[in-house]
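Visitor: curious how this folds, go ahead:
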Amino acid sequence: MTDAQSTTGNNAILACVDGSVYTDSVLAHAAWVGQRLDVTVQVLHIQPPDADYTGPTDLSGAIGLGAKSSLLEKLSRMDEERSKLDQQKGKLILEHAKEALAEAGISPVSTLHRRGSLVETISELESTTQLVVLGKRGEHADFASGHLGSNLERVVRAAHHPVLVTARAFQPIERFVIAYDGGPSTRKAVDFVASSSLLRGLECHLLRIGADNKKNRAVIAQAATQLAQAGFAVQTLIQPGQPDEVISAHVKSNEMDLLVMGAYGHSHIRTLIIGSTTSAMLRSCPIPVLMFR
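Guide: Numbering: from 1, shown residues only. Got it, this is the predicted structure:
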């Protein structure tokens, strides 16, 4: 499948859309990022590979050979039609994305329509991407279970660029909190915030989970100094407790609009996909999360 349009430079924002209820939120967040960073927005839609369209292939012993042959031919035709419909659906999704971004003041917009793996495609586009935007859950996720989209987990694990996981709906972003543990991923987050125009001029909170002792005060002071030198008026807080509970409470009580955190905590055991605190926050957090690994 060829690219619908390919005009990005070396600093594009990659917005991943699939037609789910998160699509408009992804586009609105991508538009906000694109305007703050003054970069191109590229929209990506991934169509499932042909291998995903499979029907029963061994019906011997259940029906006669002639009936089996006829049924398999019918299933094959159905799979082909299904693939064509998915391609048409993808085209409509991308057309909607271009219209929505144009209404938000983003122009030009580059679109990509690919078949295959989202993670592999993002890796291919890494050299022209500086930030990835995608929804918390995909088109087929079970909202009742609190399940995170499998693509989200894979992207967070594989991406070398920041990943912005959107909320269900876009809200103006005026204040943000960095959950800072002093590990490599959160140091990377502070470096990004300090050097980028994305969050410049917004209210900044720096939250350290742990005892209020000399060591933790020194750790958070170093990050606060770096952010202050970049022009941020930083509010710092050291709070004991379970990380996900403390972060959630701070987000709620201080009406934060964005959470910035590392995908892995250096002081916590990693899960198979992403850090346990990160997984808990992504499931429960009602605001967008900007993650670094």
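Visitor: remind me which residues of the stretch 101-250 of the chain are low pLDDT?
Guide: Where the stretch 101-250 of the chain drops to pLDDT under 70, the residues are 137-150.
Visitor: measure the residue nearest to L206 when sequence neighbours are not counted to Y180 for me?
Guide: Counting by C-beta to C-beta, 6 or more residues apart in numbering, L206 lies nearest to T236, which is 4.7 Å off, once chain neighbours are set aside. (Each C-beta comes from the backbone N, C-alpha and C, glycine too.) As judged by C-beta to C-beta, to the nearest Å, T236 and Y180 stand 9 Å apart.
Visitor: the residue nearest to L206 against C204, yeah?
Guide: No - in this structure T236 lies outside contact range of C204 using C-beta atoms under 8 Å: 9.6 Å.
Visitor: hang on, the earlier thing: now do the shared contacts for T236 and Y180.
Guide: L206, L207, R208, I220 (C-beta atoms under 8 Å, 6 or more residues apart in numbering).
Visitor: who touches I46 in this structure?
Guide: Counting by C-beta under 8 Å, 6+ apart, I46 touches C16, D18, R114, R115, G116, S117, L118, T121.
Visitor: so where does it fall, helix or strand?
Guide: Secondary structure from DSSP states H and E places I46 in strand 41-47.
Visitor: which SSE is immediately downstream of that strand?
Guide: Next along the chain from strand 41-47, counting by DSSP H and E, comes helix 65-103.
Visitor: how far out from the middle of the chain is that following helix?
Guide: Taking C-alpha atoms, centre = their mean, to the nearest Å, the mean C-alpha location of helix 65-103 is offset from the chain mean by 26 Å.
Visitor: elements contacting it?
Guide: The elements that helix 65-103 packs onto, with contact taken as 3 or more C-beta pairs under 8 Å, 6 or more residues apart in numbering; DSSP states H and E, are helix 23-37, strand 41-47, strand 109-115.
Visitor: please identify the buried residues of that helix?
Guide: Buried positions in helix 65-103, judged by neighbour count with 16 or more other C-beta atoms under 10 Å: K68, L75, S83, D86, G90, I93, L94, H96, A97, K98, A100, L101.
Visitor: separation between the second one and R82?
Guide: Just to be clear, that refers to L75. Look at L75 and R82: by C-beta to C-beta, they are 10 Å apart.
Visitor: circling back to that earlier point, wasn't the residue nearest to L206 part of a strand?
Guide: Yes - T236: assigned to a strand according to DSSP: H, G, I helix; E, B strand; the rest coil.
Visitor: need the nearest residue in space to Q130, chain neighbours excluded.
Guide: Among residues not flanking Q130 along the chain, N11 sits closest, at 5.1 Å (C-beta to C-beta, 6+ apart).
Visitor: circling back to that earlier point, list just the nearest of the shared contacts of T236 and Y180 to A194.
Guide: Checking the shared contacts of T236 and Y180 against A194 with C-beta to C-beta, the nearest one is L206 at 11.5 Å.
Visitor: quick check: beta-bridge partners of that closest one?
Guide: L206 forms beta bridges with I178, T236, as assigned by DSSP bridges.
Visitor: which residues in the stretch 101-250 of the chain form strands?
Guide: 109-115, 129-135, 163-166, 175-179, 203-209, 234-239 (DSSP state E, counting those that start in this stretch).
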